[in-house]
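Enquirer: Sharing a model prediction with you, sequence too.
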Amino acid sequence: VGCGLGGLAAAYALGRAGHSIVVVESSPSIGEVGAGIQVCPNLSRILTKWGLMHKLKSIAERDKPTWFTFHRYDTGEVLGMSRLEGKLDRDHGAPWYVVHRADLYDMLFAKASPYMDLRMESKVVSLHFEQPSIGPCAILQTGEVIFADLIVGADGINSVVRNYVTGQTEIPLSVPTGDLAYRVVLPTRTFVDDPQLRHLVDEPRIRCWIGPGRHVVGYCIRNRKEYNIVLVKPGDGHSYSWTVEGNLEEIRDGFHEWDPCVQKLLSRAESVLESKLLICKPLKTWIHSSGRAVLLGDSCHPMLPYRAQGSAMAIEDAVVLGNLFSRISDNSQIPDLLKAYEGLRHARASATQAASARNRSVYHLPDGLEQEKRDAAMKLAMEEELLNYEWSKDGDPPSVFGNRNRDNPNAWSDKNKNAEQFDYDPDTVVDEWWASESNGFQMDQSLESVEVDSKFQAR
């Protein structure tokens with residue numbers, strides 16, 4: 001259920017494992033909201049395995065960010081820097097890209113299409129699990145009934161499937177942050193003639209302005225022809241999706257004392273989309289009590305946009321689910337495989353949710369003693385980063401510092417946190433679990449050679 005990035009990834013991962021996939025999507029058309037997305041190393045590693053790196057490079061190589069820089073909100077002073085280009089490839093074996101969401105969506109749609117039967121304008125209004133012998137079913141708004149062996153809820157933060165898993169109709173365990181997030185995409189064709197904006201295109205960095213109760217992130221996409229901006233500030237919106245038009249004058253007023261560069265960018269905006277933000281605590285379970293429905297992505301672990309991991313977590317979920325179900329030999333194994341999926345994914349997703357929430361607190365400190373301590377710590381880490389960068393020009397930098405930046409407010413400078421987030425390989429995690437924990441399953445099939453019951457269907 002759901003044809004977003006996570007739904008497409010699940011369709012591909014399960015479909016190439018040999019299963020029959022029907023994807024139901026309530027919208028009348030496919031596609032993603034026009035905005036940028038950061039493809040961190042843990043996600044780019046998956047895209048490489050799926051044969052998409054050549055395509056990713058073709059659309060994003062010129063936008064590949066060299067640095068992630070933090071700036072003081074009012075003056076633009078650089079507070080912190082972390083090297084991305086080259087360093088991440090070397091340290092984690094995968095690069096960091098930025099792309100337009102629609103371009104990533106098109107890449108995944110092309111991979112998933114051969115494996116799925118896509119039903120548009122197919123809104124699920126109810127699920128039923130009363131007849132275990134024939135499996136669960138989804139009832140559409142049209143009255144059509146679709147039977148399946150497994151229902152995968154990839155239907156986002158307003159998930160219908162989650163209502164049946166948790167037994168609640170509201171978003172469970174959630175606390176509104178009081179923040180609104182806004183997305184703006186600007187054409188860059190006039191930036192080169194503006195001394196305040198030209199540097200944004202000349203060197204593609206991810207820039208993050210941080211200040212009291214709000215922050216701004218910006219970077220180039222689509223061959224530096226567009227500049228993507230995400231802004232977060234206090235506000236009381238109406239929707240947890242990116243379908244609502246925001247008020248430009250309200251946004252400009254909210255950042256009127258900020259860096260003139262930010263104000264100049266906002267002065268050029270013609271439209272903006274907004275979404276409410278909320279902190280969601282980890283769900284107790286992602287699995288329906290019948291063992292025949294499961295959640296994936298934002299339906300079970302929505303992320304705040306402070307660590308660039310929302311889509312990565314959903315696609316990691318899909319890889320784990322697909323790898324596990326590549327080994328199935330009988331439908332009776334579905335509940336146990338779902339337990340394995342949850343066991344392998346729940347802690348990581350929950351930790352990433354918590355890390356994203358922590359970054360919000362760091363970014364939004366009011367001016368004062370705590371802000372001064374944050375800035376001083378970021379600057380110390382930046383000095384080390386710049387020194388390492390100079391050394392790297394002559395080869396690998398010496399590891400004389402260890403990880404002095406553990407728990408630094410610039411989380412990208414913490415080597416341990418980066419390793420935890422970026423070195424993760426979902427296929428390796430499943431393979432290692434299978435080798436050590438799966439003795440209850442009498443299967444030894446690999447992803448490449450799996451043969452499954454053709455009747456097995458995931459909806």
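Expert: It's in. Residues are numbered from 1 along each chain as shown.

Enquirer: Now Arg45: which helix or strand?
Expert: helix 41-49 (DSSP states H and E).

Enquirer: burial of Asp427, as a residue count?
Expert: Summarising burial for Asp427: neighbours were counted as other Cβ atoms under 10 Å, giving 17. Every residue, glycine included, has its C-beta placed from N, CA and C.

Enquirer: Apologies, that question was intended for Leu118.
Expert: Applying other Cβ under 10 Å, I find that Leu118 has 18 neighbouring residues.

Enquirer: May I ask you to confirm that it belongs to a helix?
Expert: No: counting by DSSP: H, G, I helix; E, B strand; the rest coil, Leu118 falls outside a helix, being strand.

Enquirer: Give me the pLDDT for it.
Expert: Here the pLDDT value assigned to Leu118 is 97.

Enquirer: residues contacting it?
Expert: The neighbours of Leu118, taking Cβ atoms under 8 Å, 6 or more residues apart in numbering as the test, are 3, 23, 25, 30.

Enquirer: before we move on, back to that, report the buried residues of the very next helix or strand once past the helix holding Arg45.
Expert: Per DSSP H and E, the first helix or strand lying C-terminal to helix 41-49 is helix 53-60. Within helix 53-60, the residues that count as buried by 16 or more other Cβ atoms under 10 Å are 53, 55-56, 59-60.

Enquirer: now stretch 8-20
Expert: Under the neighbour-count criterion of 16+ other Cβ under 10 Å, stretch 8-20 has 8-20 buried.

Enquirer: got the residues you listed as a markdown table, with secondary structure columns?
Expert: Listed next are those as a markdown table, based on three-state DSSP:
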| residue | secondary structure |
| --- | --- |
| Leu8 | helix |
| Ala9 | helix |
| Ala10 | helix |
| Ala11 | helix |
| Tyr12 | helix |
| Ala13 | helix |
| Leu14 | helix |
| Gly15 | helix |
| Arg16 | coil |
| Ala17 | coil |
| Gly18 | coil |
| His19 | coil |
| Ser20 | strand |
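
Enquirer: pretty sure Val320 contacts Pro426?
Expert: Yes: taking Cβ atoms under 8 Å as the definition, Val320 is a contact partner of Pro426 at 4.8 Å.

Enquirer: picking up where we left off before, who touches the helix holding Arg45?
Expert: Outside helix 41-49, the residues that reach it (Cβ under 8 Å, 6+ apart) are 39, 53, 56, 88, 92-97, 107, 309, 311-312, 315-316, 319, 421-427.

Enquirer: can you tell me which of the residues you listed are in helices?
Expert: 53, 56, 88, 92, 107, 311-312, 315-316, 319, 421-422, 426-427 (DSSP state H).

Enquirer: Helices of the stretch 51-200 of the chain, start to end?
Expert: 53-60, 87-92, 101-112, 160-166, 198-202 (DSSP state H, counting those that start in this stretch).

Enquirer: ok, now the stretch 251-400 of the chain?
Expert: So, for the stretch 251-400 of the chain - with DSSP H, counting those that start in this stretch - the helices run 260-267, 310-325, 334-363, 369-392.

Enquirer: got these as CSV, with mean pLDDT columns?
Expert: Shown next, in CSV, are the helices of the stretch 251-400 of the chain (pLDDT from 0 to 100):
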stretch, mean pLDDT
helix 260-267, 97
helix 310-325, 98
helix 334-363, 95
helix 369-392, 91
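
Enquirer: how about those helices, which one is nearest Thr285?
Expert: Thr285 lies closest, by Cβ to Cβ, to one member of the helices of the stretch 251-400 of the chain: helix 334-363, at 6.7 Å.

Enquirer: buried ones in that closest one?
Expert: In helix 334-363, counting by 16+ other Cβ under 10 Å, buried: 334-335, 337-342, 344-346, 348-350, 352-353, 355-360, 362-363.

Enquirer: thought Thr66 was touching Met81?
Expert: No: the pair Thr66 / Met81 is not scored as a contact, 9.9 Å apart, by Cβ under 8 Å.

Enquirer: who has more neighbours, those two?
Expert: Each of Thr66 and Met81 has its neighbours counted (other Cβ under 10 Å); Met81 has more, 23 against 17.

Enquirer: The more buried one and Glu385, how far apart?
Expert: Remark: distance between Met81 and Glu385 (Cβ to Cβ, to the nearest Å) = 6 Å.

Enquirer: And Asn223, by the same measure?
Expert: According to Cβ to Cβ, Asn223 and Glu385 sit 28 Å apart.

Enquirer: before we move on, what about Ala376?
Expert: 15 Å.

Enquirer: who's more crowded, these two?
Expert: Set Ala376 next to Glu385 and count neighbours by other Cβ under 10 Å: Glu385 wins out with 21 against 12.

Enquirer: contacting residues around that one?
Expert: Neighbour list for Glu385: 81-83, 413 [criterion: Cβ under 8 Å, 6+ apart].

Enquirer: And Trp96, by the same measure?
Expert: Taking Cβ under 8 Å, 6+ apart, we find Trp96 in contact with 38-41, 44, 64-65, 84-85, 88.

Enquirer: swap the cut-off to 7 Å and go again
Expert: Neighbouring residues of Trp96 by Cβ atoms under 7 Å, 6 or more residues apart in numbering: 39-41, 44, 65, 84, 88.

Enquirer: same check, this time on Asp427
Expert: Asp427 makes contacts with 319, 323, as judged by Cβ under 7 Å, 6+ apart.

Enquirer: Next one, pLDDT for His238 please.
Expert: 66.

Enquirer: same deal with Pro397?
Expert: The predicted local confidence for Pro397 is 57.

Enquirer: Ok, Asn418 next?
Expert: With respect to pLDDT, Asn418 has a value of 94.

Enquirer: Please apply the same query to Ala308.
Expert: pLDDT for Ala308: 92.

Enquirer: For Asp367, see how far away it is.
Expert: In terms of Cβ to Cβ, Ala308 sits 26 Å off from Asp367.

Enquirer: Between the two, which is the more surrounded one?
Expert: Neighbour totals were compared for Ala308 and Asp367, and Ala308 leads with 22 against 12 (other Cβ under 10 Å).

Enquirer: got a list of what the more buried one touches?
Expert: 38, 40 are the contacts of Ala308 under Cβ under 7 Å, 6+ apart.

Enquirer: Ramachandran coordinates for it?
Expert: Dihedral pair for Ala308: phi 60, psi 40, per degrees, to the nearest 10.

Enquirer: Roughly how far does it sit from Leu324?
Expert: Note on Ala308: its distance to Leu324, by Cβ to Cβ, is 26 Å.

Enquirer: which of the residues in stretch 67-75 are buried?
Expert: Neighbour-count burial for stretch 67-75 [16+ other Cβ under 10 Å]: 67-73.
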